[in-house]
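In: A structural model of the following input is requested.
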Amino acid sequence: MTTAVRAAILVLILRGSAAAAAQSPAAGYEPPSIGTTIEANVLQDLPIGDNLYALLETTQAEVIADRFNAGGLNTGGPARLSGFLGSWSQTLFRVGDLNISDPNGTGEALLFPEAMPWQRLRVETGLMPVQINTPGLAVTLEPRRPFPAWRGTIAGSGSGGSLVADAPADQPPPITRLDEYARGEAFVSGPINGALGLAAGGAWAGSRGLFRELEPLTRNTLASGFAHLTLAASANREFRAFGWLQHAERPFQEWLSFQDATARTSDTAVHVQSTWEERSSSGGRWRAFGGFTQRSRKHEFGVPSVVMERISAGPVPEVIDEAADRTTRRLAGGLRLAPSAAAGSRHAVEFGVDVDAASTNARNQFAGTVHELIDSSQARIWNYDTRSAESRRRVVTTSAYAADRISLSQTLTLDASLRTELVHGYAEGAETNVNWLTLLPAARLRCASGASSRSTKA
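Out: Numbering: from 1, shown residues only. Next up is the predicted model:
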């Protein structure tokens, strides 16, 4: 059986489980979307090197990635992902209800998405529910919950030496090739007392590889840890707190263009969030949540003067922009409310409010001279110093929605919703600001016959 056939069978299996999950009553008000739900046991069994980028690019037919991540490649290095025919600037990563996407439109998450911390992963590429406003790709991560009894896991893996294939001698060099890889992780979960539970873990990974068989070898490392605390105040009331800390180091993305193999990039990121959720015996429910995410990205360079070929490296300003140190933050919160339905009512109503404030502070740290070539001929000389002013940009998004699931008959269901968004963005020193007000109505009619169903959206 070929690799392509095995991958196709795996996608069908995952999509079958996703359809069942979408119909689960525990999912709340979320009409079926085009997507996949993957549980923790599947994440642990798949050979993805604990890298969710590798999972998304290999199992999701609609997802397109700009680099290879499987088998230990690109450890701790972000990838730009997008849905089919979509832009990576529209890609959305969430932990629970909270957005952890890079607000600079890079298509990456502010933290490198490993597989160990998550109870389940939800990937959506179409027919998005009203809670999610992106037309491209949405990835939702649900933290692992404590077990009813204490359990722990220690795992390790590695590769190197004769276990790694050499580059074919009679073919063009591979874009990237692994030389060695090692990873270790530990996870523990269980009850602290009758109402309080904890799930926590940590991991370290390191890899070394070659880019187009060019020396020297590049080195990547990733260290991370997480903790998820749950408190069941009563049978219908629960408080959850989740924290995630990470540090990654890797070669500067444009080190080959810089001709500087010593150029390095380091990311230090933290994410914390909490949720208070209540469910009444009559069927009503509500939850309030809030969180904070920050990533500090720094660069180090060892060569003050570089030569760049415009045809292969791209525009010099774009390459230099990658060299800026950035501190990116997201502060967000929201509320979900689903009132109890009256006996015999055909309606299931939900309301939601979200406020998200994102900011980026950037300062270019490359100080030196760039000699730009066009087809090997000298074209321009660019001089950079670190005296440029810091760039500060902010955006605040306030959104609200109302949704109603109406049972027209035993086989017909109408999902109607209205979402409104107010976006206010500004940059220090800019002459004008950005203010957008958007109304997003949607309606979806579903017709079910037995166990099968179809849906259309207007």
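In: What's the mean pLDDT across the longest strand seen in the chain?
Out: When the chain is parsed with DSSP state E, its longest strand is strand 214-234. Regarding strand 214-234, the rounded mean pLDDT is 90.
In: Walk me through which strands the next helix or strand after that strand pairs with, and which way each runs.
Out: Per DSSP states H and E, the first helix or strand lying C-terminal to strand 214-234 is strand 237-251. With DSSP bridges as the test, strand 237-251 is paired with strand 214-234 (antiparallel), strand 264-279 (antiparallel).
In: can you redo these as CSV with mean neighbour count?
Out: Placement of C-beta: from N, CA and C, glycine included. Output for the strands paired with strand 237-251, formatted as CSV (neighbours: other Cβ atoms under 10 Å):
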stretch, mean neighbour count
strand 214-234, 17
strand 264-279, 18
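In: Columns distance to Glu300 on top of those, output as JSON lines?
Out: Converted to JSON lines, the strands paired with strand 237-251 look like this (distance: least, Cβ to Cβ, whole Å):
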{"stretch": "strand 214-234", "distance to Glu300": "13"}
{"stretch": "strand 264-279", "distance to Glu300": "5"}
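In: Quick check: which element contains Tyr53?
Out: Tyr53 belongs to helix 52-59 when assigned by DSSP H and E.
In: What are the contacting residues of the very next helix or strand once past that helix?
Out: Where DSSP H and E defines the elements, the next helix or strand beyond helix 52-59 is strand 63-65. Applying Cβ atoms under 8 Å, 6 or more residues apart in numbering, the external contacts of strand 63-65 come out as Tyr53, Leu56, Glu57, Ala79, Arg80, Leu81, Ser82, Gly83, Phe84, Val123, Thr125, Leu137.
In: Restricted to helices, list those residues.
Out: Tyr53, Leu56, Glu57 (DSSP state H).
In: Figure out the helix or strand that Ser312 lives in.
Out: helix 310-313.
In: So for the helix or strand following that helix, what gets flagged as buried?
Out: Once the chain leaves helix 310-313, the next helix or strand it forms, by DSSP H and E, is helix 316-321. The neighbour-count check on helix 316-321 (16 or more other Cβ atoms under 10 Å) flags Val316, Val319, Ile320 as buried.
In: pretty sure the last one contacts Ala367?
Out: No - using Cβ atoms under 8 Å, Ile320 is not in contact with Ala367, being 10.8 Å away.
In: Overlap of the contact sets of these two?
Out: Tyr384.
In: Any stretches of the stretch 301-450 of the chain with poor pLDDT?
Out: 386-388, 450 (pLDDT under 70).
In: In it, mark out all the strands, start to finish.
Out: 305-309, 324-338, 347-364, 368-374, 377-384, 391-407, 412-427, 434-449 (DSSP state E, counting those that start in this stretch).
In: how about TSV for those, with distance to Arg219 and mean neighbour count added?
Out: Below are these laid out as TSV (distance: least, Cβ to Cβ, whole Å; neighbours: other Cβ atoms under 10 Å):
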stretch	distance to Arg219	mean neighbour count
strand 305-309	21	18
strand 324-338	20	19
strand 347-364	25	18
strand 368-374	23	16
strand 377-384	26	12
strand 391-407	30	17
strand 412-427	36	16
strand 434-449	40	13
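In: Between those strands, which one is closest to Gly194.
Out: strand 324-338 (27.3 Å; Cβ to Cβ).
In: Listing partners with orientation, what would you give for that closest one?
Out: Applying DSSP bridges, strand 324-338 is found paired with strand 285-300 (antiparallel), strand 347-364 (antiparallel).
In: any chance of those in CSV, with distance to Leu245 too?
Out: As requested, these are exported to CSV (distance: least, Cβ to Cβ, whole Å):
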stretch, distance to Leu245
strand 285-300, 11
strand 347-364, 20
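In: Which strands or helices does the helix holding Ser312 pack on?
Out: helix 255-258, strand 368-374 (3 or more Cβ pairs under 8 Å, 6 or more residues apart in numbering; DSSP states H and E).
In: surely His271 meets Trp244?
Out: Yes - counting by Cβ under 8 Å, His271 touches Trp244, with 4.5 Å between them.
In: closest to Phe292 out of the strands of the stretch 301-450 of the chain?
Out: strand 324-338 (5.3 Å).
In: what separates the closest one from the chain centre, distance-wise?
Out: Distance, stretch centre to chain centre, for strand 324-338: 13 Å (Cα atoms, centre = their mean, to the nearest Å).
In: what angle sits between that strand and strand 391-407?
Out: For strand 324-338 against strand 391-407, the angle by axes from the mean of the first three to the mean of the last three Cα atoms, to 10 degrees is 20 degrees.
In: what are the C-alpha coordinates of strand 324-338, in CSV please?
Out: In CSV, the C-alpha atoms belonging to strand 324-338 read as follows (Å, rounded to 0.1, in the frame of the first residue of the first chain):
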residue,chain,number,x,y,z
ALA,A,324,13.4,43.2,13.7
ASP,A,325,13.0,42.3,17.4
ARG,A,326,9.3,42.1,18.3
THR,A,327,7.2,41.9,21.4
THR,A,328,3.7,40.8,20.6
ARG,A,329,0.8,40.7,23.1
ARG,A,330,-2.8,39.7,23.1
LEU,A,331,-5.2,40.5,26.0
ALA,A,332,-8.7,39.0,25.5
GLY,A,333,-11.9,38.1,27.3
GLY,A,334,-15.5,37.2,26.5
LEU,A,335,-18.8,35.7,27.6
ARG,A,336,-21.1,33.0,26.2
LEU,A,337,-24.7,32.7,27.3
ALA,A,338,-27.3,30.2,26.3
